[in-house]
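S.K.: When you get a sec, could you give me coordinates for this:
(2 chains)
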Amino acid sequence: MVRYKQTWAGVLWAVIRPIVNIVIFGLLSVLISKPQNYEERFLTVSCGVILWQLISAGITEVSNSLVNNSNILTKVYFPKIILPASSILVSLIDFAISLVIFLIMFFVLKGVPEWKVFLFPVFILYAIVFCLAVGLFFATLNVKYRDIKFLLPFLLQVAFYASPVFLSTDYIMSFNAPIIIKKIYLLNPVVGIMDGFRFCFFGGNAIYDVPMFIGSIALTLILLVFGVNYFLRFEKSFADFI
Amino acid sequence: MGEVAIKVEGISKKYKLLHKNIAKSDSVMESASRWAKGLFREKDKVNSVEEFWALKDISFEINKGDRVGVIGRNGAGKSTLLKVLSRIVLPTTGRIEYTGRMASLLEVGTGFHGDLSGRENIYLNGSILGMSKHEIDRKFDEIVDFSEVEKFLDTPVKRYSSGMYVRLAFAVAAHLEPEILIVDEVLAVGDAAFQKKCLGKMEDVSTKEGRTILFVSHNMPSLTNFCNKAMVLNKGMIHQPLCDIHEAIRSYVDLAESTEYTEISERKDRQGEGKIKFTNFSVYNSLNQKTNICITGEHVTLKMDYECASDKSIDNITFAISINGSDGTFFSLIGNEFSGETFNGLPSKGSVYCKIPKWPITSGRYALNIAVNQNGIMQDWIKEAVFIDVEDGDFYGTGRLVPGTHRCVLMDNEWTREINL
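M.R.: Numbering: from 1, shown residues only, chains lettered A, B, ... in the order given. Below is the predicted model:
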């Protein structure tokens, strides 16, 4: 709520931003690829866009959560995990608004989804775990090395192109690229999250490559254990370094 | 009483200080080449790490219901101690045990958000400091009342005056109800009346509800009024273990004076341009003996040795001496520019004398600050160059003394029944 203080449109911004994003990216993709079924294309890209918003905002917010609150961190004692946790909650609220917009568009353009739609929270959970795993690691690193502030936007940009936001995984896999590169691409947890989410709404292939999907989950969990461990180990000395 | 609230055993806190042994860089190319060289050299040659003990082997026990002052000069480790106690930083060694809820107020307005209104900030700040929503609801009116800002409750706090800001912040903190409250110098702000109100509130909380309070301040009167016990820290160590507040303050004043005295020529904390510098400052009594003890009403000579960087004689020189109580109260200012003439043609190295025919100030300990100006520009200024102890003497030549309990400046005066000018 604080974010929208002293703004004319107020909380409306939380609605305007995702709409503009969805419309721009959706229309762009429809215009470029000129598909037969443009509604479907528009919606697939939209859902990629809102998921990407969740993941990139989640990682950014969590990574900066400690540094942005350094004044509190050095003056009051509290369990430090509250800061990244509340950041992820903020991203999640933003996502909920985007999701409602997406659902409305879905109803208008495509109608009532199938039963599979009820599976989507599973993939949101996956996304949150992924954000926390990466974010906690970066947040801790950020306390001592502010390089993260510069590195992170750059990494996210790379990750954007390495994720099926615009193009579907099927399409990307049809490229003529070495198999090893394709396998590495599939290890990206974002691929699993987006494919799974799209499956809930549009059906089709939920998981492109089962071993690689399991691999990406394992990778996320390893990152999570590592990130949480790293965070907890340095938690007590944050105030000395921040 | 008698129940231990906080028990501290041998805490130390070590910091690493990084020294960069690099000369100032003049250009981008230079710093780039230095960086390139640094890549191939051992890191230790470029940077050296020094260990710094902010706290060293601190142990004490505080009983429940005590109001404990922590006294010490800047850099003595007071704030670090409070931070360690409130678990914000982890001690390098040692243990802390305490019972009950602990809240610390190391800075007024921690977690205040400028864009939020006063009302919203009460809730935000309260929850950051550890109050539940229910608790804040219950105390909301009391907090608003105490802070005297009810008219501006819905204004964003960034538009508050600094006084309003502090009042609101302290009001929230004062209504915390922890078993142990840790307060760092937050009262230095706000006007005297509000400070008094805050101390009163804290004292209330402590005496009526038996809460333990740890309080850091440089304000001796508020310490004596508020605390019943105190300890003195010096250079990260306990200088005076927990004792009665008055005893602690005495020990602190002694400490401040003993550590403060260094030879004039070795003093580094000078101010001014430095073209002319003091090399010595001494006090002589009526028998021309060098001394640190003066007697009220007797002849005193102050001798100042100076040195000038150039060999030429110097013109337009004024010297000044201010006399202050050991607590910093200003008593008098004397200088040749007021009572005599500015010096011209002084040798580049020499001495000047200031004679005071009848030392006019009553007994006590005084600090003399000395200054020298050339053409009205300060060249050298030394705070507390010398401490002198004054003993009561017969200023008026009547054999009767002004009671030493009055610390004051005496002046000649005559009494008659009728005025004849």
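
S.K.: Once you drop chain neighbours, what's closest to B:G10?
M.R.: Closest residue to B:G10 apart from its sequence neighbours, by CB to CB, 6 or more residues apart in numbering or on different chains: B:G94 at 4.3 Å. Placement of C-beta: from N, CA and C, glycine included.

S.K.: Okay, and the beta partners of the closest residue to B:C227 other than its chain neighbours?
M.R.: Distance criterion CB to CB, 6+ apart; nearest residue to B:C227, sequence neighbours excluded, is B:G69 at 3.7 Å. Beta-bridge partners of B:G69, counted by DSSP bridges, are B:F215, B:A230.

S.K.: Helices of the chain, residue ranges please.
M.R.: Using chain A here. A:12-33, A:38-68, A:70-73, A:82-109, A:120-144, A:147-161, A:169-173, A:179-187, A:189-202, A:210-234, A:238-241 (DSSP state H).

S.K.: if you could check chain B rather than the one you did, that'd help
M.R.: Under DSSP H, chain B gives helices at B:28-40, B:43-46, B:78-85, B:118-128, B:133-147, B:162-174, B:192-209, B:220-226, B:245-260, B:336-339.

S.K.: mind giving me CSV with those helices and columns for mean neighbour count, mean pLDDT and distance to chain A?
M.R.: Output for these, formatted as CSV (neighbours: other CB atoms under 10 Å in any protein chain shown; pLDDT from 0 to 100; distance: least, CB to the nearest CB, whole Å):
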stretch, mean neighbour count, mean pLDDT, distance to chain A
helix B:28-40, 10, 65, 16
helix B:43-46, 11, 50, 16
helix B:78-85, 23, 88, 7
helix B:118-128, 21, 86, 6
helix B:133-147, 15, 88, 15
helix B:162-174, 23, 81, 11
helix B:192-209, 15, 79, 18
helix B:220-226, 17, 75, 22
helix B:245-260, 16, 73, 26
helix B:336-339, 12, 90, 48
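
S.K.: B:Q374: which of those is closest?
M.R.: Comparing the helices of chain B against B:Q374 with CB to CB, the closest turns out to be helix B:336-339 (11.6 Å).

S.K.: Spit out the contact partners of residue 99.
M.R.: As the question left the chain open, I've gone with chain A. A:I50 (CB atoms under 8 Å, 6 or more residues apart in numbering or on different chains).

S.K.: Hmm, no, I was thinking of chain B.
M.R.: Here B:T99 is in contact with B:4-5, B:179 (criterion: CB under 8 Å, 6+ apart).

S.K.: Keep only these that also lie close to chain A.
M.R.: Among the contacts of B:T99, no residue lies close to chain A (CB under 8 Å from any CB of the partner chain).

S.K.: which of these tops the neighbour count?
M.R.: B:A5 (23 neighbours; other CB atoms under 10 Å in any protein chain shown).

S.K.: Does that one touch B:D66 like I think?
M.R.: Yes. Applying CB atoms under 8 Å, one finds B:A5 in contact with B:D66, separated by 7.3 Å.

S.K.: any common contacting residues for those two?
M.R.: Jointly contacting B:A5 and B:D66 under the rule CB under 8 Å, 6+ apart are B:T212.

S.K.: who's in contact with A:G48?
M.R.: Counting by CB under 8 Å, 6+ apart, A:G48 has contacts A:25, A:163-166, A:194, A:198.

S.K.: Now do the contacts for B:T155.
M.R.: Per CB under 8 Å, 6+ apart, neighbours of B:T155: B:117-118.

S.K.: residues near the residue nearest to B:C227, how many?
M.R.: Counted with other CB under 10 Å, the burial measure for B:G69 works out to 26 neighbours.

S.K.: In contact with it, which residues?
M.R.: Here B:G69 is in contact with B:215-217, B:223, B:226-227, B:229-231, B:245, B:248 (CB under 8 Å, 6+ apart).

S.K.: do the same with A:L136
M.R.: A:L136 neighbours (CB under 8 Å, 6+ apart): A:62, A:84, A:224, A:227-228, A:230-231.

S.K.: which residue is nearest the middle of chain A?
M.R.: In chain A, the residue lying closest to the centroid (CA atoms, centre = their mean) is A:I55, at 1.3 Å.

S.K.: Local confidence estimate at that one?
M.R.: Looking at A:I55, its pLDDT reads 95.

S.K.: Out of the contacts of B:G69, give me the two with the largest separation.
M.R.: B:F226 and B:M231 (14.9 Å).

S.K.: Residue numbers of chain A in contact with chain B?
M.R.: Selection of chain A residues close to chain B by CB under 8 Å from any CB yields A:2, A:5-6, A:71-78, A:236-237, A:239-240.

S.K.: Got a ChimeraX select line for the buried ones in these?
M.R.: Per 16 or more other CB atoms under 10 Å in any protein chain shown, the buried members of the residues of chain A next to chain B correspond to this ChimeraX selection:
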select /A:72,73,74,75,76,77,239,240
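
S.K.: out of the residues of chain A next to chain B, who's nearest B:V149?
M.R.: Checking the residues of chain A next to chain B one by one against B:V149 (CB to CB), the nearest turns out to be A:K5, at 18.7 Å.

S.K.: sorry, back to before: which two from the contacts of A:G48 end up farthest apart in space?
M.R.: A:F25 and A:R198 (14.7 Å).

S.K.: could you list every residue that touches residue 206?
M.R.: The chain I'm using is chain A. A:195-196, A:199.

S.K.: that answer is for a different chain, and I need it for chain B
M.R.: B:65, B:67, B:212-213.

S.K.: swap the cut-off to 6 Å and go again
M.R.: If you count contacts by CB atoms under 6 Å, 6 or more residues apart in numbering or on different chains, B:S206 has them with B:67, B:213.

S.K.: And the closest residue to B:Y15 other than its chain neighbours, how close does it get to A:S98?
M.R.: In this structure, B:Y15 finds its nearest non-sequential neighbour in B:F52, 4.8 Å apart by CB to CB, 6+ apart. Counting by CB to CB, to the nearest Å, the gap from B:F52 to A:S98 is 50 Å.

S.K.: more crowded one of the two?
M.R.: Neighbours per residue, other CB under 10 Å: of B:F52 and A:S98, the larger number sits with A:S98, 24 against 11.

S.K.: Quick check: residues of the stretch 251-400 of chain B near chain A?
M.R.: Within the stretch 251-400 of chain B, no position is near chain A by CB under 6 Å from any CB of the partner chain.

S.K.: At which residues are the strands of the stretch 251-400 of chain B located?
M.R.: All strands of the stretch 251-400 of chain B, identified by DSSP state E, counting those that start in this stretch, fall at B:276-284, B:290-291, B:293-295, B:300-308, B:317-325, B:330-335, B:349-356, B:364-374, B:377-391.

S.K.: Turn those into TSV, including mean pLDDT and mean neighbour count.
M.R.: Supplementary listing: these in TSV, determined by pLDDT from 0 to 100; neighbours: other CB atoms under 10 Å in any protein chain shown:
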stretch	mean pLDDT	mean neighbour count
strand B:276-284	90	18
strand B:290-291	82	13
strand B:293-295	82	18
strand B:300-308	92	19
strand B:317-325	91	19
strand B:330-335	91	14
strand B:349-356	92	14
strand B:364-374	89	20
strand B:377-391	86	18
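
S.K.: Turn those strands into CSV, including distance to B:K83.
M.R.: Formatted as CSV, the strands of the stretch 251-400 of chain B follow (distance: least, CB to CB, whole Å):
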stretch, distance to B:K83
strand B:276-284, 39
strand B:290-291, 45
strand B:293-295, 43
strand B:300-308, 44
strand B:317-325, 33
strand B:330-335, 35
strand B:349-356, 47
strand B:364-374, 32
strand B:377-391, 29
